[in-house]
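Trainee: 3D model of this:
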Amino acid sequence: MPFTRRAFLAPACLSLLTTAPLTRAFAQGYPAKPISYVVAFPPGGTSDILARLIADKLGPALGTTIVVENKAGAGGSVGSEQVSRAPADGYTLLGGTISSHAINLHLYPKLGYDPVGSFMPVSLIGTNPLVLVVRADSPYKTLADLVAAAQAGKPITAGSAGNGTSQHMALELFKFKLGGQGLTHIPYKGSGPALQDTIGGQVDILFDTTVAAQQQIDGGRLRALAVTSAKRLATMPNVPTIAESAIPGFEVVSWQAIFVPANTPAAIVSRLNSEIGRILASTEMQERLAKLGMLSQPMTPDQVQAFQKAEIAKWGEVIKAAHITLS
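Mentor: Okay, the predicted model is just below:
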């Protein structure tokens, strides 16, 4: 039988005609059971805090229960790989981050998932600058104190939420720009344990998101030396930026998003995007995010994917230029 465009398209058209009603019917009955929201980091960190805030509102909005599960490891790679293999039925959500869905691709030679191809974006939760903190009784009273010690080669231990996280990248860029050879990276399995060891004095400094660190700063257990945003934050007006104080042009902003496995029905993705968008736009959530230093940026799934691809390209260039390798 000779090959023709009509013959090639016919099976595909028939498939669309037969599966489209089934997809719509499936979406109309969604959700019919509890939904798992996988956080690829330990409890107490930014992803965990945001997941629980959203789950508390999303469950009632969908008429079901959202169960938050922490699956930590390898800068978010362990939990992300698990979700990439989950059924594409809308019952498994993933809190994806700048590390799991942009940075890790350039750091892990055998990543067990494709940050773009293995997932369908649902919504961007928002962006969040980082803050450089030390314990309350640290000898580093200002950023200038720390910079002077780093440039003099003084041994300084620096924690992070894990290899490949935005916290790790901020540290490596800081080290690269200053030539601080005495700075030693100590990766943790999430912000929670990294914060506790910084408070306890096991590590000297820590870059972390304002979402995770704000409460400890307000409680007087940590001292904020600088923020990684281009401008000072309204929530920390007296804390200088690294760009204005030490390294012109220095800027690192973390981000959080929600993903589902690739091939999840479009109708389900659309509903999740709509419900999460309403939650993020509510006055209550806007106020809570603002107090955490988080900027909410509503996006469609297509916009999230375009943003993600741009971040992948950006961090690939940064990692190559700074010769960043995993420790």
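Trainee: what are the bridge partners for V227, then?
Mentor: V131, T241 (DSSP bridges).
Trainee: could you report the neighbour count for it?
Mentor: Applying other Cβ atoms under 10 Å, we find 27 residues neighbouring V227. To be clear about C-beta, it is placed using only N, CA and C from the backbone, and glycine gets the same treatment.
Trainee: pull the contacting residues for it.
Mentor: By Cβ atoms under 8 Å, 6 or more residues apart in numbering, V227 lies in contact with P129, L130, V131, L132, T210, L233, M236, V239, P240, T241, I242.
Trainee: so how far is L105 from it?
Mentor: Counting by Cβ to Cβ, to the nearest Å, the gap between V227 and L105 amounts to 27 Å.
Trainee: closest one of the contacts of V227 to V83?
Mentor: Nearest to V83 among the contacts of V227 is L130, at 25.1 Å by Cβ to Cβ.
Trainee: which residue packs closest to the closest one, ignoring adjacent ones?
Mentor: Using Cβ to Cβ, 6 or more residues apart in numbering and skipping the chain neighbours, the partner closest in space to L130 is T228 (4.3 Å).
Trainee: could you do G220 as well?
Mentor: Nearest to G220 is A136, by Cβ to Cβ, 6+ apart, at 5.9 Å.
Trainee: ok, the one you found touching D218?
Mentor: No - between A136 and D218 there is no contact under Cβ atoms under 8 Å: 11.8 Å.
Trainee: mind listing the helices for the protein?
Mentor: For the chain, the helices defined by DSSP state H cover 5-28, 46-62, 77-84, 98, 104-107, 143-151, 166-178, 191-200, 210-218, 242-245, 266-281, 283-291, 301-321.
Trainee: in the chain, where is pLDDT below threshold?
Mentor: The chain contains residues with pLDDT under 70 at 1-28, 326-327.
Trainee: next one: the residue most central in space within it from D48, what distance?
Mentor: By Cα atoms, centre = their mean, the chain has its centre lying nearest to T97, at 2.3 Å. Going from T97 to D48 by Cβ to Cβ gives 11 Å.
Trainee: which neighbours do the two have in common?
Mentor: F41.
Trainee: which residues touch the residue nearest to the centre of the chain?
Mentor: A40, F41, T46, S47, G76, T165, S166, S254, W255, Q256, A257.
Trainee: repeat that for 6 Å
Mentor: Shown in contact with T97 (Cβ atoms under 6 Å, 6 or more residues apart in numbering): G76, Q256.
Trainee: any idea what it is bridged to?
Mentor: Counting by DSSP bridges, T97 forms beta bridges with Q256.
Trainee: quick one, what contacts the residue nearest to G220?
Mentor: Contacts of A136 (Cβ under 6 Å, 6+ apart): G220, R221, R223.
Trainee: and it, what are its phi and psi?
Mentor: phi -60, psi -30 (degrees, to the nearest 10).
Trainee: T198 versus that one, what's the distance?
Mentor: As judged by Cβ to Cβ, A136 and T198 stand 10 Å apart.
Trainee: between those two, which contacts overlap?
Mentor: Common contact partners of A136 and T198 (Cβ under 6 Å, 6+ apart): none.
Trainee: picking up where we left off before, from V39, how far out is the residue nearest to the centre of the chain?
Mentor: Noted for T97: a distance of 10 Å to V39, by Cβ to Cβ.
Trainee: ok, now P31?
Mentor: According to Cβ to Cβ, P31 stands 19 Å off from V39.
Trainee: go on, Q286?
Mentor: Going from Q286 to V39 by Cβ to Cβ gives 22 Å.
Trainee: ok, those two, which is more surrounded?
Mentor: The neighbour comparison of Q286 against V39 (other Cβ under 10 Å) goes to V39, with 27 against 13.
Trainee: so what pairs up with that one in the strands?
Mentor: Here V39, judged by DSSP bridges, has bridge partners N70, G95.
Trainee: spit out the contact partners of it.
Mentor: Shown in contact with V39 (Cβ under 6 Å, 6+ apart): S47, D48, A51, N70, G95.
Trainee: how about the second one, what does it touch?
Mentor: This means D48. V39.
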